[in-house]
Structures are given as C-alpha cells and as structure tokens.
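> No letters, just coordinates:
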C-alpha cells in the first residue's frame, strides 16, 4: 500500500480519534499530521505483524498521550462549559457536546470510545490499547453507560 493511499484512507479516522482525545480542532490536526509524518518515516520498518490500521492508530494514540502529558505540565485556566438552553441543537453542537463528554473521561476510556466511534473491531481496539478483549468489552460497556448518563442528564436523549 502506498503512503498516499494510506493517508487518504486513514487520516479522517485518525483526526476524529485525536479530537476525541484532545477536543481541540487545531491540535487534533497537528497530531494527525505528526502521526502521518511518523507513518511516512517508518513505513519501510512496518513488519506486518498486525494490521496497518492497528499500527497507525497506535502511533496516533501515543502522540495524543504525549500531548496530554505535555499539556498537564502547562498551567491553564479553563472556561466553564455551559450548555445552551435551546431545544433544537444543530448537529455540530451535538458533536461538540459529545466531544466535551468524551474529554471528561479518563485517558484509556477516551481512546477506547474514539476507536469504537471509528467502528474498529473490539479485538483491534484491545490490541491498540494493550488490554484483553474481555477487559476491553467491559470497558466499552461502562463507557457507554457513563456517556448515556451524561446525555440523559443534559436532555440529549429525550
């Protein structure tokens, strides 16, 4: 598979995974770019011991984890997040709310839900995050419960 083909196939998914981690459009774009720079540089070293998508997602998650760790060392002040009191929200507002809910999850949960949203099989998700398939399945169920509770609490599933 040529690099351009790989980039075109996986970059939208990698961007969405980075958004799930970082919840910042510009930083997610930067992390996506960093991921594909690493893929380009190391493509000849890829050993085909796993699917190429697993390898690429693992690079992306490592980049995201490093970015999160780096941001923890920098003191920031967060603005409070207030939901609009409007009944009909646009698709973009719902997506923003989803990303904000995901951002409140722990690091491992964020990556798992991001990969679930990309329709990756549970076995591949387990390989990417380094957990057993059973543990991954349990985590997915618990994450869905947490997100459902948040959505119900904010009137998203009425």
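Happy to help now that I have it. Just so it is clear, the model here is predicted, and its values are computed rather than measured.
> just the helices in the chain please.
Here the chain has its helices, by DSSP state H, at 3-22, 25-42, 52-72, 91-103, 107-117, 122-129, 133-153.
> for the chain, which residue is closest to the average position?
The structure's the chain has its C-alpha centroid closest to residue 17; by C-alpha atoms, centre = their mean the separation is 2.8 Å.
> nearest residue to that residue other than its sequence neighbours?
Counting by C-beta to C-beta, 6 or more residues apart in numbering, residue 114 is the residue found nearest to residue 17 once chain neighbours are left out, at 4.2 Å. Every C-beta, even on glycine, is put in place using the N, C-alpha and C of the backbone.
> Next, work out how far apart that neighbour and residue 93 are.
For residue 114, the distance to residue 93 (C-beta to C-beta, to the nearest Å) stands at 20 Å.
> Looking at those two, which has the bigger crowd around it?
Per other C-beta atoms under 10 Å, whichever of residue 114 and residue 93 has more neighbours is residue 114, with 26 against 13.
> is it true that the more buried one touches residue 14?
No - contact criterion C-beta atoms under 8 Å: residue 114 and residue 14 do not qualify, at 9.8 Å.
> and for the two, which residues touch both?
Counting by C-beta atoms under 8 Å, 6 or more residues apart in numbering, residue 114 and residue 14 have no shared contacts at all.
> quick one: the helix or strand of the chain with the lowest mean pLDDT to helix 25-42, angle?
Ranked by mean pLDDT, DSSP states H and E, the helix or strand of the chain with the weakest confidence is helix 91-103, at a mean of 79. On the basis of axes from the mean of the first three to the mean of the last three C-alpha atoms, to 10 degrees, helix 91-103 is oriented at 70 degrees to helix 25-42.
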